Structure formats: C-alpha cells, structure tokens
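# I need the structure of the sequence given here:
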Amino acid sequence: MLELAILGFLYDAPLHGYELRKRITALTGHVRPVAESTLYPAIKRLEKAGLLARETQPGTVAAPRHVLSLTAGGREELRRRLREPARPDITDENRWFTVLAFLRHLEAPSEQADVLRRRLDFLEEPASFFYEGERPLRAEELDDPFRRGVLSIARATSRAELTWLRATLKDLESDDC
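Got it, this is the predicted structure:
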C-alpha cells in the first residue's frame, strides 16, 4: 500500500520526501500513520529498482532538498499494480481506497472497470464480522447493540459503495463503446 501511494503521488508531480509523507498521511494516516522510518526505506527500495529518480535542488533557506520523481519504469509499474491489484488490495477497505485514489492513471476505461468489478464481486459475497458457525449474522439477529452498530454501519457503507460502483461501471462501460 505504501509503495502504491508513493508511486501514485509521484505520478502526479515530483515531490520532496516531506511533502510526499504529508500527502500519504492525508490519504492513509488516520489508519496507518506513515513514519519516516517506514517511508524512506520504501523510497530507497523503489529508487534502487529504478522506479524513482532523485534530484538534489538548493533549499530555499537551509540544506538542499531531494526531489523525487517517477521514471518511465515507475509509471508503468504503477499502472501494472493498478491493473493487477492483489486480493487484499480489493478486500481491505483502506488498501482499496489507496487503489481507488490512483485508478484514474489507468487510461483505458475497460481496465478501470475490470478493477471495479473485482471490488463489486467481493462486496456482493455474503459476509459479516460475526458468525454462528459458518452462517454470517445480520445486525437484526444480534442482541449486543455495539456489534449491531458495527454491522449497521458496515451495511450502510457497503450499500453506498455498491451504488457508486454500479453507477461508475455503467459510465465506464458506456465510455468504452
């Protein structure tokens, strides 16, 4: 998820590390804060793989700044990761939001639609956070008001997302014609 966010934000514009960290934190920080000790090793890995380039620019007041940008290989790697997201990138809501934030970088509406269909298929599977044996429990079946709340909120969120997914897929499919 972190590497995808790095590639995605740098696809838009070259950034220095501090600005990149601020943007990633704004996208994912409420769930997974981004520490420098996590971000900079990820940047180094991507740089070593030839996906990022680093340019030193003079600082406005203090030390020189290192500005990061994507290489052509980095742009293609981002598009590959978006075309072929791993299952957890589809099923985990926070990872899904990271994919969704950059899905516009796939130029073909059919490729975007393929990814959205995978999320739609996942959301249409019967599921719950709570089970009786193998059977998923619905909010109405629970006496615990807090668990009922979890399921009620999740249901409302899923319904909103399903509505958005279906409408967006319809738009993408009409764009593809």
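# now do the strands in this structure.
15-16, 52-57, 65-70, 131-132, 135-136 (DSSP state E).
# mind listing what's buried along the second one?
Under the neighbour-count criterion of 16 or more other Cβ atoms under 10 Å, strand 52-57 has Leu52 buried. Any C-beta I mention is one placed from the backbone N, CA and C, and that applies to glycine too.
# give me the helices and strands touching that strand, please.
Counting contacts by 3 or more Cβ pairs under 8 Å, 6 or more residues apart in numbering; DSSP states H and E, strand 52-57 packs against helix 36-48, strand 65-70.
# which helices and strands does the shortest one pack with?
If contacts are counted by 3+ Cβ pairs under 8 Å, 6+ apart, strand 65-70 sits against helix 2-12, strand 15-16, helix 17-28, strand 52-57.
# buried deepest among the helices and strands packed on strand 52-57, which one?
Highest mean neighbour count of these: strand 65-70, a mean of 17 (counted as mean count of other Cβ atoms under 10 Å).
# ok, that strand: who's next to it in the sheet?
Paired strands of strand 65-70, with direction, are strand 15-16 (antiparallel), strand 52-57 (antiparallel) (DSSP bridges).
# same list (these) but as a markdown table, adding mean pLDDT and distance to Arg159.
A markdown table is the format used below for these (pLDDT from 0 to 100; distance: least, Cβ to Cβ, whole Å):
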| stretch | mean pLDDT | distance to Arg159 |
| --- | --- | --- |
| strand 15-16 | 91 | 36 |
| strand 52-57 | 90 | 39 |
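# quick one: closest of the ones you listed to Phe130.
Of all those, the one in closest proximity to Phe130, counting by Cβ to Cβ, is strand 15-16 (42.3 Å).
# contact partners of the closest one?
Phe9, Arg23, Arg65, His66, Val67, Leu68 (Cβ atoms under 8 Å, 6 or more residues apart in numbering).
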